[in-house]
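Engineer: any chance you can model this:
(one chain, ligands or ions: 1)
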Amino acid sequence: MVNPVGIIHGVDGVRRIRFRVFDGASVWIGQYVVTSEGYLCRVSRIERRNYLTDDRILAEMSSFERIERLKKYGFNLEFTSTITLAEALIIGVVEGSGIRQPMAPPHLYTYVNEAPSELISNLTVINSAPITIGKVKGSDTPARLDAEKLTTHHCAILASTGSGKSWLAGVIAEELALTIKMPVVIIDPHGEYSSMQYPAVDDPLANEVASMVNIYVPGRVDTGEIDKYYMAKFGEPRRYIRIGVNPRNMPLGVLIKLLTHYYGLTDTQRRLLEEGWPYDPSIDAPLTTIDELVGEVIERSRGSAPKGYAGESSISSLVSKLRSFLENRPFFITMYGEHYGDEPIRLLDVENMLNKPGINVIDLSTLDLMDQQALVALMLDSMFNLAKRRRIMPTFVIIEEAHNFSPSKALSISKSSILRIAREGRKFGLGLCIVSQRPSRIDPDVLSQCMTQIFKRIINPLDLKYVASVAENISSDELTTLKSLNPDEAYVTGMATPIPLLVRVKGRLTHHGGVTRWISTINP
Ligand SMILES: Nc1ncnc2c1ncn2[C@@H]1O[C@H](COP(=O)(O)OP(=O)(O)OP(=O)(O)O)[C@@H](O)[C@H]1O
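Structural biologist: Numbers count the residues shown, from 1 in each chain. Predicted structure coming up:
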């Protein structure tokens, strides 16, 4: 049934309509409306105006008592001369069960109707590989995304802090693992996603997805405090695997950046490493002791060292830097059967990890930022190389705090690895989900490759401006509506959805870990 809510009194080309809202009609920001000519629009602005309110009237309304007295005399402007005006952004023209771009503006004084839920339901049907992340706001229509487009053409979840980004990232990971049966990797710098191992609701699906969660921690770090936290909160120990990376898997560029950061490198030492570092990206690269590896580097590079004392001094200083570096980085493994306490450290086997559906949480919370970036670079490079050779299933990588791993200005060890997947990952079934509360600090090249954008509440004007400049699918008008989203709401636009969606994000099957610490929760 058609339910008219207003009439058009102005149009801005094919972008926007302005309409007078009928008295008593319910219109809200984000609501879908459809004109009698079939233009589907989304309400972006509502304004109430009283045409009798001039300075004299304002002067009369000088105090609460005075206004109440005026009301007693029947002087109530709100009900006598208020008009409600709204603006709505044109999404397209409805044609059958699809939508096309409009070629001409709507006509003035045509009606604006509530969009029937069947229409929205039909327009949001995804034929292949749908995942459901909630409901379209104000209706019972499931908010579905095209999983294939979401994961292969990359996506970004952008919002201010505490506005529900990791909750939603968790919903997407659960859906992809359960419904699409694909492997998901979560780069977790705060150790908050370990909570996904614990079902949050009494539902067999919650048990199923929780059992698909594998947690990986760097081999030689003390996880005691975090383990205690999870034990106390959920009454069950957190299950995790300690992993180590073969140092030979480390590309020269990453090694040089890390060594320069921790110990400094001279030009000669850099040259020696360029000659001698035995980089081998394969899982079958030999595992050797630190002494053997360092010896091999020196053996291979000695020929290019300067002759005499200067050369010997450079070599011996490089040996001690390399040795100390390999001993102290907590994510290396140099022999089989290595243990931390009585827990075994396994060689990181990305191929094995990503050949089955599951949610693989990489808990980096015990590392400093430099080591986090290094481990992320190593893992992503390994995924890319395997994906290129079709040795892993199509995989989706969620990167939390992405501004720290792929920053716009600062240097970062992991930036080139992320950029390469953003640019080329699609061809090999490797997709990224960039999650950040500081969009303006993310590398613009990475962000502009994210063809689906999911926004939650953003308030920082710099971030809003930046998002408008790099995201093709959102206009500055739409961005202003982001300021007023609730924590369980998200605005989704881009490739994975046929029309932009304002979504009420659904509940989680597994526990959510991101908790704001508040004064009352701090023990005295
Ligand atoms: N769909 C939802 N339903 C119910 N509660 C939600 C929903 N989304 C978010 N929340 C609530 O909002 C809080 C903050 O969400 P979340 O931790 O995901 O925010 P965030 O943006 O990731 O924060 P940060 O930037 O600090 O990591 C959660 O603890 C949760 O209580």
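Engineer: now the residue in the stretch 301-450 of the chain that the ligand sits nearest to, what are its backbone angles?
Structural biologist: Using C-beta to the nearest ligand atom, the closest approach of the stretch 301-450 of the chain to the ligand is made by residue 437 at 4.5 Å. The C-beta positions use only the backbone N, C-alpha and C, and glycine is treated the same way. With angles defined as degrees, to the nearest 10, residue 437 sits at phi -100, psi 0.
Engineer: this structure against the ligand: which residues are in contact?
Structural biologist: 159, 161-167, 437, 487-488, 505, 507, 512, 514-515 (C-beta under 6 Å from any ligand atom).
Engineer: and the residues you listed, which is closest to residue 116?
Structural biologist: residue 505 (23.5 Å; C-beta to C-beta).
Engineer: ok, the closest one - contacts?
Structural biologist: Listed by C-beta atoms under 8 Å, 6 or more residues apart in numbering, the contact partners of residue 505 are 133-134, 164, 167-168, 171, 488-490.
Engineer: among those residues, which pair sits farthest apart?
Structural biologist: Every pair of the contacts of residue 505 checked by C-beta to C-beta; the farthest is 171 and 489, at 12.9 Å.
Engineer: neighbour count: these two, which is higher?
Structural biologist: residue 171 (23 against 20; other C-beta atoms under 10 Å).
Engineer: the residue most distant from the middle of this protein, which is it?
Structural biologist: residue 73 (57.0 Å; C-alpha atoms, centre = their mean).
Engineer: distance of that residue relative to the ligand?
Structural biologist: Per C-beta to the nearest ligand atom, to the nearest Å, residue 73 is found 47 Å from the ligand.
Engineer: could you measure that residue against residue 199, distance?
Structural biologist: Distance, residue 73 to residue 199, using C-beta to C-beta, to the nearest Å: 63 Å.
Engineer: cool, and residue 266?
Structural biologist: Relative to residue 199, and taking C-beta to C-beta, residue 266 is found at 55 Å.
Engineer: of the two, which one has the most company?
Structural biologist: Counted by other C-beta under 10 Å, residue 266 and residue 199 do not tie: residue 199 has more neighbours, with 20 against 12.
Engineer: buried ones from the residues of the chain next to the ligand, can you make that a PyMOL selection?
Structural biologist: Typed into PyMOL, the line below selects the buried ones among these, using 16 or more other C-beta atoms under 10 Å:
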select buried, resi 159+163+164+165+166+167+437+488+505+512+514
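Engineer: what is the lowest-pLDDT residue among the residues of the chain next to the ligand?
Structural biologist: Lowest in pLDDT among those is residue 515, which has 51.
Engineer: one step back: export the contacts of residue 505 to TSV and tack on secondary structure?
Structural biologist: Below are these laid out as TSV (DSSP: H, G, I helix; E, B strand; the rest coil):
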residue	secondary structure
133	strand
134	strand
164	coil
167	helix
168	helix
171	helix
488	coil
489	strand
490	strand
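Engineer: on the pLDDT front, check residue 472 for me.
Structural biologist: Value for residue 472, per-residue pLDDT: 63.
Engineer: residues in contact with residue 2?
Structural biologist: residue 113.
Engineer: does it sit in a helix, a strand or a coil?
Structural biologist: coil.
Engineer: what do you get for the one 5 residues further on?
Structural biologist: Secondary structure for residue 7, judged by three-state DSSP, is strand.
Engineer: repeat for residue 327
Structural biologist: For residue 327, the assignment made with three-state DSSP gives helix.
Engineer: that one: neighbour count?
Structural biologist: Going by other C-beta under 10 Å, the residues that sit close to residue 327 add up to 11.
Engineer: and what of residue 23?
Structural biologist: Residue 23 has 9 neighbouring residues, counting by other C-beta under 10 Å.
Engineer: over to residue 141?
Structural biologist: Residues near residue 141, counting by other C-beta under 10 Å: 19.
Engineer: state the distance from it to residue 105.
Structural biologist: 28 Å.
Engineer: can you check residue 192 too?
Structural biologist: Counting by C-beta to C-beta, the gap from residue 192 to residue 105 is 48 Å.
Engineer: ditto for residue 368
Structural biologist: Counting by C-beta to C-beta, the gap from residue 368 to residue 105 is 56 Å.
Engineer: and those two? which has more neighbours close in?
Structural biologist: Ranked by neighbour count (other C-beta under 10 Å), residue 368 and residue 105 place residue 105 first, with 17 against 9.
Engineer: just to be sure, the more buried one is in a strand?
Structural biologist: No. With three-state DSSP as the criterion, residue 105 is located in coil rather than a strand.
Engineer: which residues touch the residue nearest to it when sequence neighbours are not counted?
Structural biologist: In this structure, residue 105 finds its nearest non-sequential neighbour in residue 11, 4.5 Å apart by C-beta to C-beta, 6 or more residues apart in numbering. By C-beta under 8 Å, 6+ apart, the residues touching residue 11 are 17-18, 105-106, 108.
Engineer: name the SS class of residue 11, please.
Structural biologist: Secondary structure assignment for residue 11 (three-state DSSP): strand.
Engineer: go on, residue 322?
Structural biologist: Once three-state DSSP is applied, residue 322 turns out helix.
Engineer: which residue is the nearest non-sequential neighbour of it?
Structural biologist: Nearest to residue 322 is residue 294, by C-beta to C-beta, 6+ apart, at 5.1 Å.
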